[in-house]
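Chemist: Have a look at this prediction, sequence included:
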Amino acid sequence: MSTHQVRSPAAETPESLSVKVVLAGTLVVLLAMGTRATFGLFMQPMGMDRGWDRDVFSMAFAIQNLVWGVFSILMGMMADRFGSGRTIVLGLLLYAAGLLGMLFADSEPSLYLTAGVLVGMGQAGVTFPVILPVIARAVPAAARSTAMGIASAGGSLGQFLVVPAGQFAIDGMGWSGALWALSLFTAAGLPLVWFLRGRPAQARDTQQSLGDSVRQAVRDRSFQLLFWSYAVCGFHTAFITLHLPAYVMDGGLTPTHGAIALAVIGLFNVIGSFMAGKLGGRHSKKQLLAWIYGLRALGMLWLLEMPLSPWVLYVFAAWMGLFWLGTVPLTQGLIGQIYGLRYAATLSGVAFLGHQIGSYVGVVMGGRVYAETGSYDLVWWVGLALALVAAVLCLPIREQPLAPPVPARAA
């Protein structure tokens, strides 16, 4: 059994199994990321009913992102050691439980526990660090980057489809009814786990351990550059996902405009993620990452310098959408390319912690800066500057594979 395959009892051709794994993984990411993109819609109605200011909801979302990052490492280790199927089932159940728990959150600590801790733990088991390594091992090396781009595009398609549906549900059923619907929607991913079960096979010619692999990666300069550039991606996506609906309302637009803008980001990133994955199989992934971060800065400059109107907002959303999650297949692809696929879920989880540290900073800064100044402008300018920094950080990354570390006992 090759290290690039997933053990599965089903007697299927490799091509048939690969298609099913990619499709199932894409749908799970669609459910998870689509639901996540709706959280900004709940800030206004839930906050008004509970008497919470934006900084309370921002803190809950910040905790969610940080927990998501920390538990991505643990969920990655679980997937590498015990199989992806159990990990994804646990993630889906925690995710749905957190959404249901939000219905009964009547204090700030209970909101932090449900929307923050439980949802964050659930997301760790059903998103990119766990799903993409499963897909990477299931497809031939030549198609790996494209397949991961397709799965990343699934997250964006979820944003395009689920955010308007979430706003429609809030308008029709109230925020509590919408949370019921989203919890059921998330649980609908459970049957798909059948196609994603299995664990990576251990190569016969290596005694490489998980600890050896993690230590080698975190000491490597290229991994450190990926970690911190990924943090900038998290800063951008989390801040915009949570605060954009409120930002456009402050500018005189409606909640519907904010929901449509998030949906447009998702729609255009279906194209952006697919193209990033496709191009990543042919060109330098680090250079593509640098371009993505640099072009994000142009989009933020547009929003800051133009008078806010629906068409200005939608142009910004379309532009950002092209570069929204294109970082994911490229970053994950570099991890597999440089450090191998045996412990890819764990190493992806470690890198994703960087993404979520940036997410935490982005949402907390958004809430606090708004509370102190009544404006988000400072956060947008910080995001623009960080985009340029991330572009520079990507360029020195070495893309060549590293030799596996020598086990301590052999040394």
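Modeler: Arrived safely.

Chemist: how far away is the nearest residue to residue 90 once chain neighbours are set aside from residue 360?
Modeler: With sequence-adjacent residues excluded and distances taken as CB to CB, 6 or more residues apart in numbering, residue 90 is closest to residue 125, at 5.4 Å. For every residue, glycine as well, the C-beta is placed using N, CA and C. From residue 125 across to residue 360, the span is 19 Å (CB to CB, to the nearest Å).

Chemist: the more surrounded of the two?
Modeler: residue 125 (30 against 24; other CB atoms under 10 Å).

Chemist: can you tell me the helix or strand for that one?
Modeler: Assessed by DSSP states H and E, residue 125 sits inside helix 119-126.

Chemist: repeat for residue 278
Modeler: helix 255-280.

Chemist: which of the residues in the next helix-or-strand element following that helix are buried?
Modeler: Downstream of helix 255-280, the next assigned helix or strand under DSSP H and E is helix 285-305. The neighbour-count check on helix 285-305 (16 or more other CB atoms under 10 Å) flags 285-297, 299-300, 303 as buried.

Chemist: So what touches stretch 353-373?
Modeler: When contacts are defined by CB atoms under 8 Å, 6 or more residues apart in numbering, stretch 353-373 is touched by residues 53-55, 57-59, 61-63, 65-66, 68-70, 72-73, 226-228, 230-239, 242-243, 246, 375-376, 378-379, 382-383.

Chemist: switch the cut-off to 6 Å
Modeler: 54-55, 58, 61-62, 65-66, 68-69, 227, 230-235, 238-239, 242-243, 376, 378-379 (CB atoms under 6 Å, 6 or more residues apart in numbering).

Chemist: Could you give the separation of that stretch from the chain centroid?
Modeler: On the basis of CA atoms, centre = their mean, to the nearest Å, stretch 353-373 sits 16 Å off its chain's mean C-alpha point.

Chemist: Return the set of buried residues in it.
Modeler: Neighbour counts over stretch 353-373 (16+ other CB under 10 Å) mark 353-367, 369-370 as buried.

Chemist: cool, and stretch 129-145?
Modeler: Buried-residue list, stretch 129-145, by 16+ other CB under 10 Å: 129-139, 143-145.

Chemist: Strands of the stretch 51-200 of the chain, residue ranges please.
Modeler: With DSSP state E, counting those that start in this stretch, there are no strands along the stretch 51-200 of the chain.

Chemist: any low-confidence regions in it?
Modeler: Residue ranges of the stretch 51-200 of the chain with pLDDT under 70: 198-200.

Chemist: Just say helix, strand or coil for residue 402.
Modeler: Under the three-state scheme (DSSP: H, G, I helix; E, B strand; the rest coil), residue 402 adopts coil.

Chemist: Now stretch 53-65 - C-alpha only, CSV.
Modeler: The C-alpha coordinates for stretch 53-65 follow below in CSV (Å, rounded to 0.1, in the frame of the first residue of the first chain):
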residue,chain,number,x,y,z
ASP,A,53,-22.5,44.9,22.0
ARG,A,54,-20.4,43.9,19.0
ASP,A,55,-17.3,43.3,21.1
VAL,A,56,-19.1,40.5,22.9
PHE,A,57,-19.9,38.7,19.7
SER,A,58,-16.5,39.5,18.4
MET,A,59,-14.9,37.8,21.5
ALA,A,60,-17.1,34.7,20.9
PHE,A,61,-16.0,34.5,17.3
ALA,A,62,-12.3,35.2,18.3
ILE,A,63,-12.5,32.3,20.9
GLN,A,64,-14.0,30.1,18.2
ASN,A,65,-11.1,30.8,15.8
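
Chemist: Just the residues contacting that stretch, thanks.
Modeler: Residues beyond stretch 53-65 that count as contacts (CB under 6 Å, 6+ apart) turn out to be 39, 43, 47, 108, 111-112, 115-116, 119-120, 238, 242, 356, 359-360, 363-364, 366-367, 371.

Chemist: Inside helices: which ones of these?
Modeler: Under the assignment DSSP state H, these contribute 39, 43, 47, 108, 111, 119-120, 238, 242, 356, 359-360, 363-364, 366-367, 371 to helices.

Chemist: Tell me how far the longest helix belonging to the chain lies from the chain's centre.
Modeler: Secondary structure of the chain read by DSSP H shows that its longest helix is helix 144-187. Relative to its parent chain, helix 144-187 has a centroid offset of 13 Å by CA atoms, centre = their mean.

Chemist: which strands and helices sit next to the very next helix or strand once past that helix?
Modeler: Scanning forward in sequence from helix 144-187 by DSSP H and E, the next helix or strand is helix 210-219. Using 3 or more CB pairs under 6 Å, 6 or more residues apart in numbering; DSSP states H and E, no helix or strand is in contact with helix 210-219.
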